[in-house]
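[1] A predicted structure for the sequence below; I have some questions about it.
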Amino acid sequence: MSLTQRSAVVRRLIVSPGAAPQEPAPAVATAAGVSAVLRAFGRSPRDLPARTVVLLGTAAADPGIGPEHEGFAVRTSSTPGRALRAAHRELHTADADFALVAGFGEPDAQTITVYAVKRAAEAVAEGDTVIGLLDLDDGPADENTAPPLRPLHTGPSGTDPDRHRLLLWSGRTADEEQEVRGALLPLLSGVHRESFPVLPTTTPTGTAPGPVRGAAVTVSALASRAVHQARTSDASHPRPVALLFPGQGSQHAGMAAGLYRRDPVFTAAVDAALSHMGEEASRIRADWLDPARAAIGIDDVRRAQPLLFAVDYALGCLVLSWGVRPTAFLGHSAGELVAAVFAGVVSLKDAAHMVQARVREAVKIPAGGMLAVAAGEEQLLPYLTQDVGIAAVNANQQVMLAGSKEPLAEVAARLKADGHTVVTVPATSPFHSPAMAPASDAVETAYRGIPLREPKRPLYSGYTGTLMRPDEARSPRFWARQITDTVYFRKALDELLAADDVLLVEAGPRQTLTAFARRHRSVRLGAGAVTPLLPARTGTPEADRQSVLTAAARIWTEGHDLDLAAVSRLWTWSEPDPLDPSESRAPRARAEVQPA
Amino acid sequence: MSTTTATVTLADLTRMLRESAGEEEGVDLDGDVIDTPFMDLGYDSLALLQVIGQIQREYGIEIPDDAVVDAETPGALLALINSGQAPAA
C-alpha cells in the first residue's frame, strides 16, 4: 500500500494526568484533559496545524466536553483502538491534517497514551520521526484493540558505482585540507568500484568538518580526477540559506523526474502533494513520468501548475531533509504558494486545493499566454492594452507580459517591429493579466473556507515586493488576486538580499530565478550567492541527481553541516517502479552517466 | 546560409553583453569568461537573444535563433558567429 494511503504515528507519550496516581479510579476525559492533550508534546496549541483534531478514546468521557476545544475539533470514541482508527479516517477522508489521539486507560488504568498522527507521506516529506505506520489491514479485526504499528523502511536498497555521489573533505587550515585531499586520492584509485558507493561521505571521518572545505560530485571512474581538480572554499562564515520557488514558465517535460523513486523524501513529497489533487492525481503523475505518451502536455495549465507545485514543494522538503534551515522563502508567481506552505501560512493539502481551484477557474478563461521581453517596465508601458498587462518584473531587463491570445500576438509583433527581443513563455493561460479577473473572483470564494495563518518564518511576496504581512497572509483576497496582479519579483528579491547576505537556493526546475539572481548587485559583487538545484535544460535522470548533489556540495562548502545520511540516499536508495515489471527490487540506474 | 564579413572578438561580445544587461545590473565579465556557461554569467535565453539581436544589427550578419540553444558559452557563440556557416533554422 502506498504511503499516501497510510497514517504514521510521529510522537507518542504516556502521561499521568492525576495529581494522586495512587488513587485507583481510572482517568476520566475532561476538558482539562483535552487541554493537556493539546500541550502533550510541549508545543503551544498555537503552533499546532490549523486543522488539528483531538480524538479521545475513552469509556468515561465527561459530558461537558464539547465538539470544539480551544478552537480545535474534538471527537470521542469508546476505546483507544477506535480513536486511532478514527484518526486515520479524519486524516484521509475528512479535513484533518494532524490528529492527537488520547488513549485513556492505556497502558494502565490511570495513564493516557497520547499519539500524534499524520498522513504518512507528509510525515516522511516533512522529516518527522516515524515511530510506526498504523496497520489497519493485518491487525486485529476488533475495532477496540489498538492497530499495530509497522516500521517504515527507508534504508538503502541498492548501490551502483555508476551513480553520482558526493565526496566531501576538509581541514582546519589550507595545508591540512591539502593533506587530507592527498590522502584521499590513493584511496580512490585503489578502491574496488563496487565499494565506491559505500565510501564515507566526509574525510576525515569522526571529527567535525573544518573551515577549509572541498567537494566533488562524481562517479567511480572519474573520482580521482574530480577530487584532484576540486576547488577549496572558505567555510568559516556560512551565509544563511534562502529558498526560491519558480512558477509558470519554468516547467519542462520530465522535470526533476530523475529524483522520483531515487530519494525517499522527494518521492514521498511529490506523492503527498499530488495525493491532494483528487482523481486527477494519477493522470498528472503518469503524464509527468512518461512525457512521450502524456495525454496533456506539460505547458497546459492543468499539468504545469500542479506539477510545478509538487516538484517545488518536494525540492524544498529535500533541502530541509539535509538539515538546512532556511532563513527566508520567496516564490515567483505560483511558487509563492509553495513558499507559503514552508512559512506555515497554509497546509500542504489546502495549498494543493488552492492550486486546483486556480487551474479549474483558469481553464474557463479564453486561451492566452505570456511573453518575456528584454526591456524595462517603463519601456513597455506604451504597448499595454486593455487585454495585455505587465505580468512580472523579474530583473532590470526582463519583464513579462500576459494577455489573451490575439491581443498578445499583436503586441508581440509590435514589440518585434520596434527591435525588442521577445520570447514566448510556455503558458496556456494569461496569468497576471486583467483577463483573469473572473477566475480571481471565483477562487476567492473557494479560498474563503481555508484556514490561513500569519507566516511563522520570513516570507517575501512578489505581489507586494516585500515581507508578507500577517493580515495579507490571512486574506483570501490577497491570495486570489495573485492570478491577476503583477509579480514584482525583482523588488522582492531586492528586499530579501537587502535584509541579509544569503545563499539563495532555487528549489524548482530550470534556473530561471538563478539567472535573475546572478544579475542582482548583491550576487554580482559576491555579497550574496545563488545555486540552482536542477539543470538549466532538460537532461538525463542522472543529470538531475548530479545537479542536486552539486547544490548539496555547494551548501556544505558554504559552511553548513548537512545530515549526510539523508544526502547519501541520492546514491544509495531506490524504489522500484510498481508499474514496470522489468525493474527488480533493487533497480540499477545504468547508462545515464554524464562525465563532468 | 549567411556569410560573415566582419569578425566578432571576445572584447566585442563582452561589451555587448555588458550593454545589454544595463549598467545597474550587470554581470562580472572580467577575467576568463570564454568557457563560462552563459547561465553562470546570469544570461538566460532571453538576455542572450537580445545580445545576438544586437550583434546582428551591428555587424549586419544573420545568426539563427538556434544559436541560443547550441552555444552555451561565449567561446562557442563566437565560434558559431565567426565560422560564417551557421545553418539557417
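    Good, I have the coordinates.

[2] For residue 44, give me the pLDDT.
    Reading this off chain A. Looking at A:S44, its pLDDT is 91.

[3] sorry, should have said chain B
    pLDDT for B:D44: 86.

[4] what does the one 10 residues further on give?
    According to the per-residue confidence, B:Q54 scores 85 in pLDDT.

[5] separation between the nearest residue to it once chain neighbours are set aside and A:V101?
    Spatial nearest neighbour of B:Q54, excluding adjacent residues (C-beta to C-beta, 6 or more residues apart in numbering or on different chains): B:M16 at 5.3 Å. Backbone N, C-alpha and C define where each C-beta goes, glycine included. Applying C-beta to C-beta, to the nearest Å, the value for B:M16 to A:V101 is 66 Å.

[6] Check the one residue in chain A that gets nearest to chain B and give its pLDDT.
    For chain A, the residue closest to chain B is A:R518, as judged by C-beta to the nearest C-beta, at 3.2 Å. Confidence at A:R518, expressed as pLDDT, is 91.

[7] Tell me how many other residues crowd it.
    A:R518: 23 surrounding residues under other C-beta atoms under 10 Å in any protein chain shown.

[8] if I look at it, how far off is A:A395?
    With C-beta to C-beta as the criterion, A:R518 and A:A395 are 9 Å apart.

[9] near chain B, which residues of the stretch 251-400 of chain A?
    A:372-374, A:376, A:395-398 (C-beta under 8 Å from any C-beta of the partner chain).

[10] Pick out the residue in chain B sitting closest to chain A.
    Chain A sits closest to B:G42 of chain B, with a gap of 3.2 Å, by C-beta to the nearest C-beta.

[11] elements contacting the strand or helix carrying A:A409?
    Element membership of A:A409, judged by DSSP states H and E, is helix A:405-417. Applying 3 or more C-beta pairs under 8 Å, 6 or more residues apart in numbering or on different chains; DSSP states H and E, one finds that helix A:405-417 makes contact with strand A:368-373, strand A:388-395, strand A:398-404, strand A:422-425.

[12] what helices or strands is the last one leaning on?
    Contact partners of strand A:422-425 among helices and strands, from 3+ C-beta pairs under 8 Å, 6+ apart: strand A:368-373, helix A:405-417, helix B:45-59.

[13] Could you check the angle the longest one makes with strand A:388-395?
    Pointing back at helix B:45-59 there. Orientation check (axes from the mean of the first three to the mean of the last three C-alpha atoms, to 10 degrees): helix B:45-59 against strand A:388-395 gives 90 degrees.

[14] Outside of whichever helix or strand comes after helix B:45-59 itself, list whatever touches it.
    Downstream of helix B:45-59, the first helix or strand assigned by DSSP H and E is helix B:67-70. Helix B:67-70 has contacts (C-beta atoms under 8 Å, 6 or more residues apart in numbering or on different chains) with B:45, B:48-49, B:52, B:76-77, B:80-81, B:86.

[15] Just give me the closest of these to A:T385.
    B:L49 (23.9 Å; C-beta to C-beta).

[16] wait, doesn't that closest one sit right on A:T424?
    No. Using C-beta atoms under 8 Å as the test, B:L49 is too far from A:T424 to be in contact (11.5 Å).

[17] more neighbours, those two?
    The residue with more neighbours, out of B:L49 and A:T424, is B:L49; 21 against 13, by other C-beta under 10 Å.

[18] Enumerate every residue touching that one.
    Residues near B:L49 by C-beta under 8 Å, 6+ apart: A:374, A:421, A:423, B:65, B:68.

[19] Centre of the chain to the least confident helix or strand in chain B by mean pLDDT, how far?
    One helix or strand of chain B scores below all others by mean pLDDT, DSSP states H and E: helix B:67-70, with a mean of 75. On the basis of C-alpha atoms, centre = their mean, to the nearest Å, helix B:67-70 is displaced by 10 Å from the centre of the chain it belongs to.

[20] go on, stretch A:544-562?
    17 Å.

[21] Could you do stretch A:112-124 as well?
    In terms of C-alpha atoms, centre = their mean, the centre of stretch A:112-124 is set 19 Å apart from its chain centre.

[22] Quick one: mean pLDDT over it.
    For stretch A:112-124, mean pLDDT rounds to 96.

[23] looking at it, A:T129 is touching A:V10, isn't it?
    Yes. Counting by C-beta under 8 Å, A:T129 does reach A:V10; the two are 6.3 Å apart.

[24] Tell me which of the residues of the stretch 251-400 of chain A next to chain B has the lowest pLDDT.
    Scoring those by pLDDT puts A:N396 last, at 83.

[25] and that residue, how many neighbours?
    Applying other C-beta under 10 Å, we find 21 other residues in the vicinity of A:N396.

[26] Pull the number of nearby residues for A:Q356.
    Other residues within reach of A:Q356, judged by other C-beta under 10 Å, total 20.

[27] residues touching it, list them.
    With C-beta under 8 Å, 6+ apart, A:Q356 has these contacts: A:277-278, A:280, A:306.

[28] Tabulate these (JSON lines), appending distance to A:E176, pLDDT and neighbour count.
    Compiled in JSON lines, those are given as follows (distance: C-beta to C-beta, whole Å; pLDDT from 0 to 100; neighbours: other C-beta atoms under 10 Å in any protein chain shown):
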{"residue": "A:M277", "distance to A:E176": "52", "pLDDT": "96", "neighbour count": "21"}
{"residue": "A:G278", "distance to A:E176": "56", "pLDDT": "91", "neighbour count": "12"}
{"residue": "A:E280", "distance to A:E176": "55", "pLDDT": "94", "neighbour count": "16"}
{"residue": "A:P306", "distance to A:E176": "49", "pLDDT": "98", "neighbour count": "26"}
